[in-house]
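> My questions concern the predicted model and sequence given below.
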Amino acid sequence: MHDNLGASEHVKPHASHKHRTLADLAVGGQGHVVAVHGDTELRRRLLEMGFVNGVEVAVVRRAPLGDPIEFRLRGYNLSLRRDQARHVHVR
């Protein structure tokens, strides 16, 4: 029982409440990129698409089943799978 308590305290650092992933944003929601995670190839690909620190990203729409998600950033629209969007953290 003590293990679960320690794990939940570790998962909730104060700064994490301000950061969400692109997959968490609702349609019409927006945020500024603060971090991009993932394996080397995925991270490189996301950065090349323009998901770099400070960029404003807005959710344009979601497919009927929620995947993929269309985003607007830097004057253009692009779609990501939800699994990919979970690697981009916004504030």
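Received it, and whenever you're ready, just let me know what you need. Numbering: from 1, shown residues only.

> What part of this structure, helix or strand, is modelled with the least confidence?
The element with the least model confidence among the helices and strands of the chain, by mean pLDDT, DSSP states H and E, is helix 2-11, at a mean of 37.

> What is the subsequent helix or strand relative to that one?
Once helix 2-11 ends, the next helix or strand along the chain (criterion: DSSP states H and E) is strand 20-21.

> Packing partners of that next one?
Packing contacts for strand 20-21, counted by 3 or more Cβ pairs under 8 Å, 6 or more residues apart in numbering; DSSP states H and E, involve strand 88-90. Where C-beta positions appear, they are placed from N, C-alpha and C, glycine not excepted.

> Residue 27: what's it in contact with?
Residue 27 makes contacts with 59, 60, 61, 62, as judged by Cβ atoms under 8 Å, 6 or more residues apart in numbering.

> Surely residue 61 and residue 68 touch.
No - with contact taken as Cβ atoms under 8 Å, residue 61 and residue 68 are classed as non-touching, separated by 9.8 Å.
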